[in-house]
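# fold the following and give me the result.
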Amino acid sequence: MERRSFHGKREAARDSARTVRRLAAALLLTAALLLNLFTYAVHIVRYYGSGMAPALKNGQVLLVLNTRKAEPGDVVAFYYNNKLLVRRVICTGGSEIDVGEDGAVRVDGQPLAEPYVAEPSLGQCDLTFPYYVPPGSVFVMGDDRVSAMDSRLSAIGPVSQDRIYGRVLFTD
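Below is the predicted model of the structure:
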């Protein structure tokens, strides 16, 4: 009888060791997948500024998908003067945009519904409208139209796809 209990203990120890090895392998695999995900697929960035108020707040953490593709309505992060800016895509290349003195936006002659904008405004603008957005780029504007620096300024202008860092997925 002692022999059976000894063999039973040895078998239980083997089962425990096998379980620990499997758990360790699963943890390593999960860590490797997460490392690759946050290295290549998504980025965590902190948003600074007020140009996207009220949608985004200063200091807010954003999850950004690594993609250069953006559609109207998407919020994207892009580079301007080695600084990461976050703005909303209003229209894509090949479109004509018009921003009136009252801040009303029209894309290809159609009024744009913008429930995310608290106060429509022409804001900081030195472009002449209507403006043709070149292919391979997007026209971006901040939700805070009064103070946001965006594509309405010729210094920033339309954002070419190679300057897009990614599309904002989630905020904290």
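# partners of the longest strand seen in the chain, with directions?
Taking DSSP state E as the criterion, the chain has its longest strand at strand 83-92. Looking at strand 83-92 with DSSP bridges, its partner strands are strand 75-80 (antiparallel), strand 137-141 (antiparallel).
# quick one: mean pLDDT over that strand.
The average pLDDT for strand 83-92 rounds to 96.
# output the contacting helices and strands for the helix or strand that it is followed by.
Later in the chain than strand 83-92, the nearest helix or strand by DSSP states H and E is strand 96-99. If contacts are counted by 3 or more CB pairs under 8 Å, 6 or more residues apart in numbering; DSSP states H and E, strand 96-99 sits against strand 105-107, strand 131-132. For every residue, glycine as well, the C-beta is placed using N, CA and C.
# tell me the most buried of these?
Among those, ranked by average contacts under mean count of other CB atoms under 10 Å, first place goes to strand 105-107 (a mean of 18).
# identify the neighbouring strands of it in the sheet and state each direction.
strand 96-99 (antiparallel), strand 110-111 (antiparallel).
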